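**Q** Provided below for reference: sequence and predicted model.
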Amino acid sequence: MCGFSKYVLSVFGWETRLGSDGLELINSESEVVGRLECFYGFRTDIGNRFPANQPYIQRWVVKKELFQNALDESKCPYQVKIAIGSLVTGAEE
């Protein structure tokens, strides 16, 4: 998930909270639905005067079943047709 608007969170009945593992999504039953992951990239200068971490990537990692249930219960006319899972097990060299 790239991001959730405040409106979508309210439709799903989800909120954000700062937990022991960072920013979390919780549902109305205080169950953790997902978490925010950040990758700050590698320290490079990429032709600029100032070094910076590139790329900077953020994503919400959400439990697929709970996300699908929230979509179904919301009765939103714009439905996600496919939700896929991915797993990174290590870096290639």
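**A** Right, received. Where do you want to start? Residues are numbered from 1 along each chain as shown.
**Q** gap between the residue nearest the centre of the chain and residue 28?
**A** The chain has residue 60 as the residue nearest its centroid, 0.4 Å off, counting by CA atoms, centre = their mean. Computed with CB to CB, to the nearest Å, the distance linking residue 60 and residue 28 is 18 Å. Any C-beta I mention is one placed from the backbone N, CA and C, and that applies to glycine too.
**Q** got the contact list for the longest strand seen in the chain?
**A** What stands out as the longest strand in the chain, according to DSSP state E, is strand 32-39. Identification of contacts with strand 32-39 by CB atoms under 8 Å, 6 or more residues apart in numbering yields 1, 14, 19, 21-27, 55-63, 66-67, 70.
**Q** if you set the cut-off to 7 Å instead, what comes out?
**A** Contact with strand 32-39 is made by 14, 21-27, 57-63, 66, as judged by CB atoms under 7 Å, 6 or more residues apart in numbering.
**Q** Can you point out the buried residues in the helix ranked longest in the chain?
**A** Assignment by DSSP state H gives helix 64-74 as the longest helix of the chain. For helix 64-74, burial by neighbour count (16 or more other CB atoms under 10 Å) applies to 66, 67, 70, 71.
**Q** was I right about the third one contacting residue 12?
**A** Read it as residue 70. Yes: with contact defined as CB atoms under 7 Å, residue 70 and residue 12 form a contacting pair (4.2 Å).
**Q** Quick check: neighbours shared by those two?
**A** Joint contacts of residue 70 and residue 12 (CB under 7 Å, 6+ apart) do not exist.
**Q** Among the contacts of strand 32-39, which ones are in helices?
**A** Within the contacts of strand 32-39, residues falling in helices by DSSP H are residue 66.
**Q** Quick check: phi and psi at residue 56.
**A** Residue 56 has phi and psi values of phi -110, psi 120 when expressed as degrees, to the nearest 10.
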